[in-house]
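*Asks:* give me a 3D structure for the following:
(2 chains)
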2 protein chains.
Amino acid sequence: MNTSAAGLKQIIQLLSEIYSSLEPEEILYQSLKGIVSLIGCEAGSIWELSEEDKKLFFRAIVGSGSETLRGKTLNLGEGIAGSVAVSGKPRVIDDVRKSSEWNPDFDKVSSFRTENLLTFPLKSRGKVIGVIQLLNKEGGFRSHDIELIENLSGPVAMALENARLYLFQKRLFKETALALATAIDKRDPYTGGHTKRVLEYSRGIGEILEIGGNDLERLELAAILHDIGKIGIPDDILRKKGSLTEEERRFIEKHPEIGAEIVEGIPGTETLVDGIRYHHERCDGSGYPQGLMCKEIPIFARIIAVADVYDALTTERPYKKALSPQEALGYLKDREGHKFWKDAVQALSSLLTR
Amino acid sequence: MNTSAAGLKQIIQLLSEIYSSLEPEEILYQSLKGIVSLIGCEAGSIWELSEEDKKLFFRAIVGSGSETLRGKTLNLGEGIAGSVAVSGKPRVIDDVRKSSEWNPDFDKVSSFRTENLLTFPLKSRGKVIGVIQLLNKEGGFRSHDIELIENLSGPVAMALENARLYLFQKRLFKETALALATAIDKRDPYTGGHTKRVLEYSRGIGEILEIGGNDLERLELAAILHDIGKIGIPDDILRKKGSLTEEERRFIEKHPEIGAEIVEGIPGTETLVDGIRYHHERCDGSGYPQGLMCKEIPIFARIIAVADVYDALTTERPYKKALSPQEALGYLKDREGHKFWKDAVQALSSLLTR
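*Replies:* Numbers count the residues shown, from 1 in each chain, chains lettered A, B, ... in the order given. All right, here's what the predicted structure looks like:
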């Protein structure tokens, strides 16, 4: 084991880096990079085991052309990595050309020349969750290399597990919120699938406007929940077939406020609540509930407004036909800067035409 | 820095332990335990900085009586820990009795005799988030001790940050789901606060029945969402003041199935969906939708059934008065084993009488 002070620092550094992320891809890449550097070999790759598919999926590579391996899979038991995934035991091969199990195809596609290798199982709670393969160490891989990876693979697997739990939790939240919002949506017989489409347009616009990370997640949630206030509108107004009275119209126009109040007060929902409350505001102050001007309207609400109107225009309602995407975009472009935020309209336009 | 192979293994072990948890309390305790053991001192404590309150809150202790410090806080700038939280720089005191800043009260209440100490700031992304205080190292704390903690405090802070993000995400989900379910609940004018109370009774019963961790969280979510299917019941049935026709009753009895279908198919919601679908089943097979017998009814549904009926009995409806808690418990006990799961009724009984 590498026991110098520098080695120790490097190990702590590696562990800090992998734990500083809750993104599985980033953790895999940083782990591999750190391990290749600590071991002092030429290249390495990580393969993740999918229990369901009974396959290893290529996930990260260091020191060799990554593009060529993207999308590659290995069956359990196939080749050296596949056999280590089954046995759960590390294997060293000092000269791959003397091994019948070595598949030279990988070298051919990546124009890399593998000499020797160490393949190591990645385990979480005793179960194999993937395989690390290290290539070309001068003088070959030795038992102290195995010992070092053995010590590190536990923390790597743990970091991965935590990241997966976190991702799982976020997905569960988003999907449950979408399911509930869709159920609320369904009370209005004219808007089938509206919530999901507004989510997709809003996410697309947000990505083009380079809204990232947590903010993009909040935008998505705001888009999912933008119409939940309709839960407060009685059936006889929401489902009315004729035209609405002034009073009924005013009632319906309460839905952004009702929706905002449902989620308000939950820590961490501030921007989300704004997105719900102001998604019917218009840049020239002609919107509701507050008649805000463009600069006063929070960005999430400006984006959702464009997504919302585009979807309303392009779907059929009992009182109107659906516009074509071109017609609807034209409608929005005629009003950009005036009614709708120009950046969001342009982003939607490039989203739809790419 | 401790650079022996044994030391390295111990460090990796420590980091693995703190990262194996996503519970802040557990991370703090394991970190402190590991650091006290690595440094080889007698005792230690961790204090967490609350930005909002401008205070340090006592969070964990090793090697001395913990009970006496529980609930303790320190103002920023107060004493040695308080000054390190402000300066962000570690401090060593070789003889506390010669220091004017040392507060001997802590020793008095804990009957511990502090000789020397090292106080170290815990930082995340450059910001102080807490303080580690280590007590009594033979021969005093030296610069290599500071260096070791310096290397370790980054990973500790990171683990804490991840755990907080995870907890935050889970809370956000639970509170948003509760807000949406409560909004759905409100369409039925007779059931104000029903969802929240069913959540509290179900959680209480679950805890007494020793349902823990992930399962308890799923039970809570099932309780929150148990009546969301009512979104599919039209206003004129849900809000009808007179008695229901046979057809209307059958419509209302669809709500568990409608609710289950809303969330069904989202990965990770299987037990939750069961809790929603079967919360109107009864042990003798007289419930709906499937008329299952007790053993066939999933546990979450059996628990929610008891919580649900207890809340319905103890709240006033237009057509009936509220029963007292004793009367309602009596009603359930008369039917335990027969209509309701005995264990859940008994757990509710001890929950209400403790």
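*Asks:* which residues of the stretch 101-250 of chain A fall in helices?
*Replies:* All helices of the stretch 101-250 of chain A, identified by DSSP state H, counting those that start in this stretch, fall at A:105-110, A:143-185, A:194-208, A:213-225, A:235-238, A:246-252.
*Asks:* contacting residues around the shortest one?
*Replies:* In this case it means helix A:235-238. A:187-188, A:230, A:244, A:248, A:251-252, B:234-236 (C-beta atoms under 8 Å, 6 or more residues apart in numbering or on different chains). Any C-beta I mention is one placed from the backbone N, CA and C, and that applies to glycine too.
*Asks:* from the residues you listed, pick the one nearest A:R142.
*Replies:* Checking those against A:R142 with C-beta to C-beta, the nearest one is A:K230 at 67.0 Å.
*Asks:* correct me if wrong: the closest one contacts A:K186.
*Replies:* No - judged on C-beta atoms under 8 Å, A:K230 makes no contact with A:K186 at a distance of 10.2 Å.
*Asks:* higher neighbour count, those two?
*Replies:* Neighbours per residue, other C-beta atoms under 10 Å in any protein chain shown: of A:K230 and A:K186, the larger number sits with A:K230, 21 against 16.
*Asks:* ok, back up a step: got the helices of the stretch 101-250 of chain A as a markdown table, with mean neighbour count and mean pLDDT columns?
*Replies:* Shown next, in a markdown table, are the helices of the stretch 101-250 of chain A (neighbours: other C-beta atoms under 10 Å in any protein chain shown; pLDDT from 0 to 100):
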| stretch | mean neighbour count | mean pLDDT |
| --- | --- | --- |
| helix A:105-110 | 14 | 76 |
| helix A:143-185 | 20 | 90 |
| helix A:194-208 | 22 | 97 |
| helix A:213-225 | 21 | 95 |
| helix A:235-238 | 15 | 90 |
| helix A:246-252 | 12 | 94 |
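*Asks:* would you turn those into JSON lines with distance to A:I46?
*Replies:* Formatted as JSON lines, the helices of the stretch 101-250 of chain A follow (distance: least, C-beta to C-beta, whole Å):
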{"stretch": "helix A:105-110", "distance to A:I46": "14"}
{"stretch": "helix A:143-185", "distance to A:I46": "9"}
{"stretch": "helix A:194-208", "distance to A:I46": "27"}
{"stretch": "helix A:213-225", "distance to A:I46": "24"}
{"stretch": "helix A:235-238", "distance to A:I46": "52"}
{"stretch": "helix A:246-252", "distance to A:I46": "53"}
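*Asks:* for those helices, which one sits closest to B:W47?
*Replies:* helix A:143-185 (24.8 Å).
*Asks:* and that closest one with helix A:213-225, angle?
*Replies:* 30 degrees (axes from the mean of the first three to the mean of the last three C-alpha atoms, to 10 degrees).
*Asks:* out of the helices of the stretch 101-250 of chain A, which is closest to B:E48?
*Replies:* helix A:143-185 (20.3 Å).
*Asks:* any part of the closest one near chain B?
*Replies:* Yes - remark: helix A:143-185 sits within contact range of chain B at A:151-152, A:154-155, A:158-159, A:162, A:165-166, A:168-173, A:175-177, A:179-184, by C-beta under 8 Å from any C-beta of the partner chain.
*Asks:* for A:I258, give me its contacts.
*Replies:* A:229-233.
*Asks:* count of neighbours near A:G126?
*Replies:* When neighbours are counted by other C-beta under 10 Å, A:G126 comes out with 6.
*Asks:* show me the contacts for the nearest residue to A:N151 once chain neighbours are set aside.
*Replies:* Distance criterion C-beta to C-beta, 6 or more residues apart in numbering or on different chains; nearest residue to A:N151, sequence neighbours excluded, is B:I12 at 4.8 Å. B:I12 sits next to A:11, A:15, A:151-152, A:154-155 when contact means C-beta under 8 Å, 6+ apart.
*Asks:* redo the contacts of helix A:235-238 as TSV? Include distance to B:I224.
*Replies:* TSV is the format used below for the contacts of helix A:235-238 (distance: C-beta to C-beta, whole Å):
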residue	distance to B:I224
A:R187	20
A:D188	24
A:K230	20
A:L244	34
A:E248	32
A:F251	28
A:I252	28
B:P234	23
B:D235	23
B:D236	26
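*Asks:* which single one of the residues you listed is nearest to B:C283?
*Replies:* B:P234 (31.4 Å).
*Asks:* just the local confidence number for that closest one, please.
*Replies:* Each residue has a pLDDT score; the one for B:P234 is 91.
*Asks:* burial measure for it, as a count.
*Replies:* Neighbours of B:P234 (other C-beta under 10 Å): 14.
*Asks:* what residue of chain A is the furthest out?
*Replies:* In chain A, the residue that sits farthest from the middle, by C-alpha atoms, centre = their mean, is A:T245; the gap is 43.8 Å.
*Asks:* domain parsing for chain A?
*Replies:* As given by automatic domain parsing, the domain ranges for chain A are A:5-165, A:172-353.
*Asks:* by mean pLDDT, show me the worst of those.
*Replies:* domain A:5-165 (a mean of 87).
*Asks:* centre of the chain to it, how far?
*Replies:* 24 Å (C-alpha atoms, centre = their mean, to the nearest Å).
*Asks:* before we move on, what about stretch A:193-213?
*Replies:* 12 Å.
*Asks:* again with stretch A:162-175
*Replies:* On C-alpha atoms, centre = their mean, the centre of stretch A:162-175 falls 10 Å from the chain's centre.
*Asks:* what's the local residue count around A:G285?
*Replies:* 13.
*Asks:* how about it, what does it touch?
*Replies:* Neighbours of A:G285 in contact, by C-beta under 8 Å, 6+ apart: A:291-293.
*Asks:* circling back to that earlier point, phi, psi of the residue nearest to A:N151?
*Replies:* phi -60, psi -40 (degrees, to the nearest 10).
*Asks:* how far away is the residue farthest from the centre of chain A from chain B?
*Replies:* 18 Å (C-beta to the nearest C-beta, to the nearest Å).
*Asks:* that older thread, just send the contacts of A:I258 back as JSON lines, with distance to B:D274 too.
*Replies:* Output for those, formatted as JSON lines (distance: C-beta to C-beta, whole Å):
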{"residue": "A:G229", "distance to B:D274": "31"}
{"residue": "A:K230", "distance to B:D274": "29"}
{"residue": "A:I231", "distance to B:D274": "25"}
{"residue": "A:G232", "distance to B:D274": "30"}
{"residue": "A:I233", "distance to B:D274": "32"}
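*Asks:* which ones, among these, also lie beside chain B?
*Replies:* Answer for the contacts of A:I258 near chain B (C-beta under 8 Å from any C-beta): A:231-232.
*Asks:* nearest to chain B among the contacts of A:I258?
*Replies:* A:I231 (4.9 Å; C-beta to the nearest C-beta).
*Asks:* ok, the closest residue to A:V198 other than its chain neighbours - how many residues close by?
*Replies:* Nearest residue to A:V198 in three dimensions, chain neighbours excluded: A:A307, at 4.7 Å (C-beta to C-beta, 6+ apart). The tally of other residues near A:A307 (other C-beta under 10 Å) stands at 25.
*Asks:* look up how far A:I297 lies from A:A307.
*Replies:* 14 Å (C-beta to C-beta, to the nearest Å).
*Asks:* which of the domains of chain A sits closest to B:R317?
*Replies:* Nearest of the domains of chain A (C-beta to C-beta): domain A:172-353, 20.7 Å.
*Asks:* now do that closest one: distance to the chain's middle.
*Replies:* 22 Å.
*Asks:* what about that domain, start to end distance?
*Replies:* 31 Å (C-alpha to C-alpha, to the nearest Å).
*Asks:* stretch A:62-72 now?
*Replies:* 15 Å.
*Asks:* what does it rub up against?
*Replies:* Residues contacting stretch A:62-72 (C-beta under 8 Å, 6+ apart): A:29, A:32-33, A:36, A:41-45, A:57-58, A:60-61, A:106, A:109-112, A:135.
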